[in-house]
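1. Output the structure for:
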Amino acid sequence: MENSLSAKTIVGKMMAEDKFSQWLGIETILVEQGHCILKMKIRDEMVNGFGIAHGGIAFSFADSALAFASNAYGRLSVALECSISFSVAVNVNDELTCEARELSLTNKTGTYHIEISNQKKEKVAFFKGTVYRTSKNWEV
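-> Next up is the predicted model:
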């Protein structure tokens with residue numbers, strides 16, 4: 001670890017201050033350096049005009065996973081570039097699991113692949129994110 005704080009401590013602080021992740025109803029299942037697993041359930045207010053989950057919901061879910069996995073090292077990291085592909089529609093009451101895995105890590109950047117699956121184990125979205133790793137360490 002790059003500083004003395006644990007991954008769980010850092011992500012706990014992030015979640016405590018992250019009102020949007022709280023609104024999404026994100027639950028942390030696993031948090032470690034460069035890797036995390038999250039869960040959430042799709043609610044009525046998350047759908048678009050087609051009656052399926054708004055793409056921004058899946059993007060935001062994956063973005064939170066990116067933030068947690070990359071910041072778990074103890075260095076403040078922020079998104080630099082992100083993209084998402086949707087493979088299966090997401091509906092109200094779907095229970096989603098999101099897993100972020102580190103692809104590469106340098107002193108200045110980190111790149112992550114994030115998969116979102118539903119309760120049927122169908123992969124509903126694929127997200128790739130790159131973060132900029134600042135020189136600032138997390139403090140609690």
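2. For the rest of this, base every contact and every neighbour count on C-alpha atoms.
-> Will do.
3. Setting the sequence-adjacent residues aside, check what's closest to E102.
-> The spatial neighbour of E102 that comes closest, neighbours along the chain excluded (CA to CA, 6 or more residues apart in numbering), is Y112 at 4.4 Å.
4. in what helix or strand does the one you found lie?
-> In the assignment (DSSP states H and E), Y112 maps to strand 109-117.
5. and that strand, what's its mean pLDDT?
-> The average pLDDT within strand 109-117 is 98.
6. One more: stretch 57-71?
-> Rounded mean pLDDT across stretch 57-71 is 98.
7. List the buried residues of it.
-> 58-59, 61-71 (16 or more other CA atoms under 10 Å).
8. quick one: contacts of that stretch?
-> Applying CA atoms under 8 Å, 6 or more residues apart in numbering, the contact partners of stretch 57-71 are 7, 10-11, 14, 21, 24, 26, 31-38, 46, 77-79, 84, 98-102, 110, 112, 114-116, 125, 127, 129, 131.
9. From the residues you listed, which land in strands?
-> In strands, judged by DSSP state E, the following of the contacts of stretch 57-71 are found: 31-32, 35-38, 77-79, 84, 98-102, 110, 112, 114-116, 125, 127, 129, 131.
10. hmm, back to that, now secondary structure and distance to V88 too, for the buried residues of stretch 57-71, in TSV please.
-> As requested, the buried residues of stretch 57-71 are exported to TSV (DSSP: H, G, I helix; E, B strand; the rest coil; distance: CA to CA, whole Å):
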residue	secondary structure	distance to V88
A58	helix	11
F59	helix	14
F61	helix	15
A62	helix	15
D63	helix	18
S64	helix	20
A65	helix	19
L66	helix	21
A67	helix	24
F68	helix	25
A69	helix	24
S70	helix	26
N71	helix	29
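11. Tell me the one of those nearest F50?
-> Set against F50, the nearest of the buried residues of stretch 57-71 by CA to CA is A58 (15.5 Å).
12. show me what contacts I114?
-> With CA under 8 Å, 6+ apart, I114 has these contacts: A62, A65, L66, C98, E99, A100, R101, F126, F127, K128, G129.
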